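Novice: Show me how the following folds:
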Amino acid sequence: MNQNTETINTGIAKTSNIGLVSMALEQLGGRQNTLPGIGVIYGPAGRGKSVACAYIANAKNGYYVQMRSAWARKTLYEKILFEMGIKPAGTIPQLLDQICEQLAASRRPLIIDEFDFCLRNDSMIESVRDIYEGSQGTLLLVGEEGIPQKLRRWDRFHSRVLSWIPALPASMKDAKAIAPIYCRGVEVADDLLQHLVESAHGSIRYLATNLAQIQAFALENGRQSMALADWDTNKTYTGEPPKPRRAA
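Specialist: From the prediction side, this is the model:
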């Protein structure tokens with residue numbers, strides 16, 4: 001099965017950040033016993049971090065949890081246990097013990113996405129540090145660009161991070177990987193793909209949005225291929241908000 005066929009069938013393109021997350025987990029899992037086991041992948045929104053982490057968690061039999069703004073310590077622990085297939089039982093300390101025992105026994109990695117929500121108070125940060133200390137497992141935390149600087153506030157946590165991993169910006173290789181998904185049935189020329197990459201400012205999400213628009217345009221106009229000359233570049237989404245309309 002070639003890559004394009006695999007991409008269409010699975011609905012997941014093998015972007016650069018999928019490879020990055022895979023390599024990060026391999027390095028964390030293969031570390032020496034005396035080294036810390038926390039990694040942090042960070043970058044601007046839209047770079048495909050969440051998709052990459054969810055995909056790799058499935059591929060490597062890891063546990064993947066995406067934080068929510070409303071969660072407190074108990075909810076986080078319960079969601080992790082649910083992902084582990086374990087029924088939460090008892091007090092918050094008992095939930096923590098359940099998580100730590102499972103991570104230590106299984107040696108499976110735990111990925112916590114949207115980790116920025118934990119940075120709002122000491123309790124949430126310490127809850128995640130307790131998971132690491134109690135299990136000595138492999139934790140990969142995922143969040144926005146400023147996480148490495150923000151975590152300096154908690155030195156006991158910051159010092160336990162082995163790897164700081166900046167998410168890669170969208171590339172031409174990524175554009176070619178996702179085109180079969182979002183522009184299926186339409187051949188997209190390299191000059192148009194290059195325009196989309198430059199307009200995306202590193203965002204996989206913007207690339208996908210624009211490819212979907214190009215597919216819609218091509219299908220509406222009976223086209224099986226699209227080049228830069230065929231596309232109105234004013235319609236390319238760059239993330240900039242629409243200009244204010246003039247009053248009537």
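Novice: where in this structure is pLDDT low?
Specialist: Confidence mapping of the chain against pLDDT under 70 gives the ranges 1-11, 247-248.
Novice: domain ranges for it?
Specialist: Per the record, the chain has its domains at 3-166, 172-235, by automatic domain parsing.
Novice: The last one: end-to-end distance?
Specialist: Across its full length, domain 172-235 reaches 20 Å end to end, with Cα to Cα, to the nearest Å as the criterion.
Novice: quick one on the thing from earlier: tabulate the domains of the chain in JSON lines, adding columns for distance to Lys243 and mean neighbour count.
Specialist: Yep, even glycine has a C-beta here, placed from its N, CA and C like the rest. Below are those laid out as JSON lines (distance: least, Cβ to Cβ, whole Å; neighbours: other Cβ atoms under 10 Å):
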{"stretch": "domain 3-166", "distance to Lys243": "21", "mean neighbour count": "17"}
{"stretch": "domain 172-235", "distance to Lys243": "12", "mean neighbour count": "17"}
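Novice: Could you list the residues in contact with the longest helix along the chain?
Specialist: Of all the elements of type helix in the chain, the one with the most residues (DSSP state H) is helix 204-220. Residues from elsewhere that reach helix 204-220, judged by Cβ atoms under 8 Å, 6 or more residues apart in numbering: 15, 17, 45-48, 51, 170, 174-175, 178-179, 181-186, 188, 192, 196-197, 199-200, 223-226, 231, 235-239.
Novice: hang on, the earlier thing: could you redo the domains of the chain as JSON lines and give each row distance to Arg245?
Specialist: Output for the domains of the chain, formatted as JSON lines (distance: least, Cβ to Cβ, whole Å):
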{"stretch": "domain 3-166", "distance to Arg245": "26"}
{"stretch": "domain 172-235", "distance to Arg245": "16"}
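Novice: right, so of the ones you listed, which gets closest to Arg246?
Specialist: When the domains of the chain are ranked by distance to Arg246, counting by Cβ to Cβ, first place goes to domain 172-235 at 17.8 Å.
Novice: What segments of the protein are strands?
Specialist: The residue ranges that make up the strands of the chain, judged by DSSP state E, are 38-42, 63-66, 110-113, 139-143, 161-166, 187-188, 225-226.
Novice: Name the strands paired with the third one and say parallel or antiparallel.
Specialist: Strand 110-113 has the following sheet partners, assigned by DSSP bridges: strand 63-66 (parallel), strand 139-143 (parallel).
Novice: Dump those to JSON lines, plus distance to Val128.
Specialist: What follows is these, written out as JSON lines (distance: least, Cβ to Cβ, whole Å):
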{"stretch": "strand 63-66", "distance to Val128": "11"}
{"stretch": "strand 139-143", "distance to Val128": "7"}
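Novice: any idea how far Asn234 is from Pro242?
Specialist: Distance of Pro242 to Asn234, computed by Cβ to Cβ, to the nearest Å: 12 Å.
Novice: for Glu83, same thing?
Specialist: 44 Å.
Novice: With Tyr42 instead?
Specialist: Here Tyr42 is placed at a distance of 33 Å from Asn234 (Cβ to Cβ).
Novice: got it, and Ile18?
Specialist: 32 Å.
Novice: Nearest spatial neighbour of Val51, chain-adjacent residues omitted?
Specialist: For Val51, ignoring the flanking residues on the chain, the nearest one in space by Cβ to Cβ, 6 or more residues apart in numbering is Ile12 at 7.1 Å.
Novice: Same check on Gly146?
Specialist: Here the residue nearest Gly146, using Cβ to Cβ, 6+ apart, is Tyr42, at 7.8 Å.
Novice: now swap in Leu139 and tell me
Specialist: In space, Leu139 comes closest to Ile38 once its chain neighbours are excluded; the distance is 4.8 Å by Cβ to Cβ, 6+ apart.
Novice: quick one: that neighbour and Val161 touch, right?
Specialist: Yes: contact criterion Cβ atoms under 8 Å: Ile38 and Val161 qualify, at 4.8 Å.
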